[in-house]
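Enquirer: Below are the sequence and a predicted model for it; my questions follow.
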Amino acid sequence: MKKTYFYLVAAVAGLFLFAATTPPSENNSMLVGPEIKSISSLSFGPDGILFVGDSKSATVFAVNTKDIKQNKKPAAVEMKNIDQKIAAALGTEVTNITIVDMAVNPLSKKIYLAVQNSDGTPVLLTLTGDKIEAVPVKDLRYTSVVLNNAPAEDAKDHRGRPLRISSISDLGYMDGKLMVSGLSNHEFSSSFKSIPYPFTSKQDESTLEIYHAAHGKYETSAPIRTFTTAEINGKKYLVASYTCTPLVLFSLDELKPGAHVKGRTVAEMGSGNSPIDMITLTAGNESFLMMANTKHPVAKVNYKNIGAFEGTLTEPVKGTAGVNFTALPMTNVLQLDKLDNTQVLVLQKKTNGDVDLWTANDTNL
Amino acid sequence: MIRLGNLPSLIFFVLCLFSSCVENKTGEISIIWKDDRANAISVPISSLAELPIDSLRNLFEVRLETRNTSSILGEQNIVGNKLIFEPVIPFSRGLTYQIIFRNMQIAKIKIPPADTNNLPALIKIYPTRYELPENLIKVYLEFSHPMREGESQKYITLLSNQKDTIADVFLNLQPELWNEQRTILTVWLDPGRIKRDLIPNEQMGNPLKKGELYTLSVSSKWQDTRGLPLAQSYARQFSVISRDSISPDPKRWILDLPGAGTTHPLVINMDESLDYFLLQETIRVVDENKKSIPGSFSISAEESKLIFIPINPWSVGGHALQVASYLEDLAGNNLNRVFDRDITTTPSMPDERNYERPFVIKR
């Protein structure tokens, strides 16, 4: 009984402390226990904030993981048959689970994994050494932003259910802005939103239509599949890859509310392929883009080459074209994330069907 | 005080035969069901030991029978005289779990397989037309139950002339595009192959070819979220006609107008089949003050006819159909732009949000 009383006092004290440091406002009050219906994408923001893209409820949750202890020298991580180990930890068979996304906390270097059960239940796990743990989501504070809230998108069917669903394809945070790329389930269009974080009651949201020109002749809208941000020649860019392989640059300065921005296609990475994941690595004065693909090996591109490629692809090309890239000896890579600037976490499906998590470093990057 | 009982006598097997019940009880350990899922198990504390609650928690675990090395992630709560264990994901149908206390198995519990009398079905494939354009961009599959996500590529195939499977025809999207209930899936034909002059289009060509017959088949191996397979395999044949490179235009639609004072239907005959789901959300009927008229729409004639029945009788005067510009035809052409625009011939495109098609109701 005494113990319960102590917890109650501690909780009340915590509440007051919290209330004092984060004044609640209409949309900025941190609530406890986000009701996450699905996880499509994960990405870390500042101070241990984990952005969780929930396509099912068309919401991005900013979850305070409280995981903020700096780890400046992360050790390489290796876990063979990670999918089977996750399935065992969840008490099910490996065929019942899908590893949806992976994100490394840039402060603690702890690995966060989004897993989906075959019945649709989303799970957020962490990996520390060999230990798989469930993130106690219901005890964590969060803020959230609902996507698809423009009047035209409020359409409901005769049973009052929303008709337009936007699936979140990727999330990224840079300089106070959360960037969200989405796919509509009815239109083949690009939805890209740049939302200020911390979320405010006024959503200064820019919904952009993005086009890419194929060989200067046909222009089509296409949804972004995955993206990263990078600084090229002193300017900040959104580096996006599409469902039909082009690599396109957008100046971040131009991504303003309501803007219609045209991207610059700097490479076509090959046919019959879709990009899966992209990261930016910085080594000394140079920085590199690494991109995992459905069919092709992981591609590595030096941003210097992207910076030097002033044009846009205008001539019909065979195979691949544009900026030169190196194919790294890694195929069937499902997820990539940066452990630090010299180590990259790779979730890979091996030829025998095993799914392994391992760390690539200078010797294989 | 509760004494630690004779452990061997506590080893029993729990089998729940009726999956619809909330809490099934055979013996003393029971499965707690929620929405047809085995969400938790309830274990009487009396079957454990005379120990403080925190110690009980540390000594209790649940393991999958086939993987007896690791303890399942979940939460334990003491409710009354029961310990409730709720795993992070529901217990899987058809699997057996060990209940462990002090590293000893005290019981086994089998989660019954789902009811096979209620298999999921593929209800409809949209578009429903037999003749489809060469640049068809998407297909919708509607199921009777929520389906397992992320696996559509394994189970949907397109056959040319009923024999050759066409490779790489569908876009491999992860996450897949499901509606909120996970019953309707949108499948895109690879736009890289449809968009003229992109490398996939040049190398592999358009996925569909004019004049040929195709069969879209869906395998019965596809399971729903309960782990039940489709009741049967499905095959839907269609033939391919010319490319559609023209935007839908409400001005071309033919309206059958009702008389004032009646609640007779307004029939909108589109000159082509349009997207079934976009039709449901992009069109409304307004009066002369641009106020929306309440009523219901139904779609027929292979998605080329829309029927609107108002709740209140029509009034005399000007009305209009308001059509949102994002309404698409089967080739992804919307009211503002065609799917792949030749910028050398059509350098600009409209940026309208809505289009209006006025009409007058007379006595």
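Expert: Sure thing, it's come through.

Enquirer: Let me see the mean pLDDT of stretch B:125-134.
Expert: The average of the pLDDT scores along stretch B:125-134 is 96.

Enquirer: hmm, I was thinking of stretch A:302-317
Expert: 69.

Enquirer: Contact partners for A:G284?
Expert: With contacts taken as C-beta atoms under 8 Å, 6 or more residues apart in numbering or on different chains, A:G284 has no neighbouring residues. For every residue, glycine as well, the C-beta is placed using N, CA and C.

Enquirer: repeat that with 10 Å
Expert: Neighbouring residues of A:G284 by C-beta atoms under 10 Å, 6 or more residues apart in numbering or on different chains: A:N341.

Enquirer: Quick check, pLDDT for it.
Expert: A:G284 carries a pLDDT score of 80 in this model.

Enquirer: now swap in the one 4 residues further on and tell me
Expert: Confidence at A:F288, expressed as pLDDT, is 90.

Enquirer: Please apply the same query to B:G192.
Expert: 64.

Enquirer: again, but for the one 3 residues further on
Expert: B:K195 is assigned 63 on the pLDDT scale.

Enquirer: do the same with A:A58
Expert: The confidence metric pLDDT takes the value 84 at A:A58.

Enquirer: Would you state the helices of the stretch 101-250 of chain B in chain order?
Expert: With DSSP state H, counting those that start in this stretch applied, the stretch 101-250 of chain B shows helices at B:152-155, B:191-194, B:199-204, listed in chain order.

Enquirer: do the same with chain A
Expert: Residue ranges of the helices in chain A, as given by DSSP state H, are A:2-21, A:82-90, A:303-308.

Enquirer: Next, the buried residues of the shortest one.
Expert: By that I understand helix A:303-308. Across helix A:303-308, burial judged by 16 or more other C-beta atoms under 10 Å in any protein chain shown covers A:Y303, A:N305, A:I306, A:G307.

Enquirer: go on, stretch A:167-182?
Expert: Of the residues in stretch A:167-182, those buried under the neighbour-count criterion (16+ other C-beta under 10 Å) are A:167-174, A:177-182.

Enquirer: Need the max-distance pair from the residues you listed.
Expert: The widest separation within the buried residues of stretch A:167-182, taken as C-beta to C-beta, falls between A:S167 and A:M174 and amounts to 22.1 Å.

Enquirer: Find the nearest non-adjacent residue to residue 296, please.
Expert: Chain wasn't specified; assuming chain A. Ranked by C-beta to C-beta, 6 or more residues apart in numbering or on different chains and with sequence neighbours excluded, the top spatial neighbour of A:H296 is A:N273, at 5.0 Å.

Enquirer: wait, I meant chain B there
Expert: By the measure of C-beta to C-beta, 6+ apart, the closest residue to B:S296 outside its immediate chain neighbours is B:I309, 5.6 Å from it.

Enquirer: Could you look up the SS state of that neighbour?
Expert: At B:I309, secondary structure determined by DSSP: H, G, I helix; E, B strand; the rest coil is strand.

Enquirer: Give me the neighbour count for B:I32.
Expert: Residues lying near B:I32 (other C-beta atoms under 10 Å in any protein chain shown) number 20.

Enquirer: just B:K209 next, same as before
Expert: Other residues within reach of B:K209 by the criterion other C-beta under 10 Å amount to 12.

Enquirer: give me phi/psi at it?
Expert: With angles defined as degrees, to the nearest 10, B:K209 shows backbone torsions of phi -120, psi 130.

Enquirer: wait, isn't it in contact with B:N135?
Expert: No. B:K209 sits out of contact with B:N135 when judged by C-beta atoms under 10 Å, with a separation of 11.0 Å.

Enquirer: between those two, what contacts are shared?
Expert: Jointly contacting B:K209 and B:N135 under the rule C-beta under 10 Å, 6+ apart are B:V240.

Enquirer: pLDDT below threshold where in the chain?
Expert: In the absence of a named chain, this looks at chain A. For chain A, applying pLDDT under 70 flags the ranges A:1-29, A:148-166, A:185, A:188-190, A:201-222, A:243-245, A:257-260, A:270-272, A:310-322.

Enquirer: Chain B is the one I meant
Expert: The model of chain B has pLDDT under 70 over residues B:1-27, B:50-51, B:53, B:67-68, B:191-204, B:341-349.

Enquirer: 50 instead, please
Expert: B:1-27 (pLDDT under 50).

Enquirer: so the residue of the stretch 201-350 of chain B at minimum distance from chain A is in which element?
Expert: Using C-beta to the nearest C-beta, the closest approach of the stretch 201-350 of chain B to chain A is made by B:E281 at 3.5 Å. When secondary structure is defined by DSSP states H and E, B:E281 falls within helix B:276-282.

Enquirer: elements contacting that helix?
Expert: In terms of contact count using 3 or more C-beta pairs under 10 Å, 6 or more residues apart in numbering or on different chains; DSSP states H and E, helix B:276-282 is assigned the packing partners strand B:122-126, strand B:138-143, strand B:184-188, strand B:295-300, strand B:305-310, strand B:317-324.

Enquirer: Could you export those as a markdown table, including mean neighbour count?
Expert: Listed next are those as a markdown table, based on neighbours: other C-beta atoms under 10 Å in any protein chain shown:
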| stretch | mean neighbour count |
| --- | --- |
| strand B:122-126 | 16 |
| strand B:138-143 | 21 |
| strand B:184-188 | 21 |
| strand B:295-300 | 15 |
| strand B:305-310 | 18 |
| strand B:317-324 | 18 |
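
Enquirer: To B:Q76, which of the ones you listed lies closest?
Expert: For the helices and strands packed on helix B:276-282, the distance to B:Q76 is smallest for strand B:138-143, at 36.2 Å, taking C-beta to C-beta.

Enquirer: Quickly run through the sheet partners of the closest one, with directions.
Expert: In its sheet, strand B:138-143 lies beside strand B:122-126 (antiparallel), strand B:184-188 (antiparallel), with partners assigned from DSSP bridges.

Enquirer: Could you export the first one as CSV, CA atoms only?
Expert: The C-alpha atoms that make up strand B:122-126 are tabulated as CSV, following Å, rounded to 0.1, in the frame of the first residue of the first chain:
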residue,chain,number,x,y,z
LEU,B,122,-12.6,-12.2,-53.1
ILE,B,123,-15.8,-10.3,-53.7
LYS,B,124,-15.0,-8.1,-56.6
ILE,B,125,-12.3,-6.9,-59.0
TYR,B,126,-12.5,-3.4,-60.3
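
Enquirer: Mind listing residues that contact that strand?
Expert: Looking at what lies outside strand B:122-126 - C-beta under 10 Å, 6+ apart - the contacts are B:138-145, B:147, B:183-184, B:186-187, B:216, B:218, B:220, B:222, B:230-234, B:236, B:238, B:273, B:275-277, B:299, B:302-303, B:330.

Enquirer: If we use 7 Å, what do you get?
Expert: Outside of strand B:122-126, the residues that reach it under the criterion C-beta atoms under 7 Å, 6 or more residues apart in numbering or on different chains are B:V139, B:Y140, B:L141, B:E142, B:F143, B:S144, B:L216, B:V218, B:L230, B:Y234, B:R236, B:Y276.

Enquirer: Give me the number of neighbouring residues for the residue of the stretch 201-350 of chain B closest to chain A.
Expert: Applying other C-beta under 10 Å, we find 22 other residues in the vicinity of B:E281.
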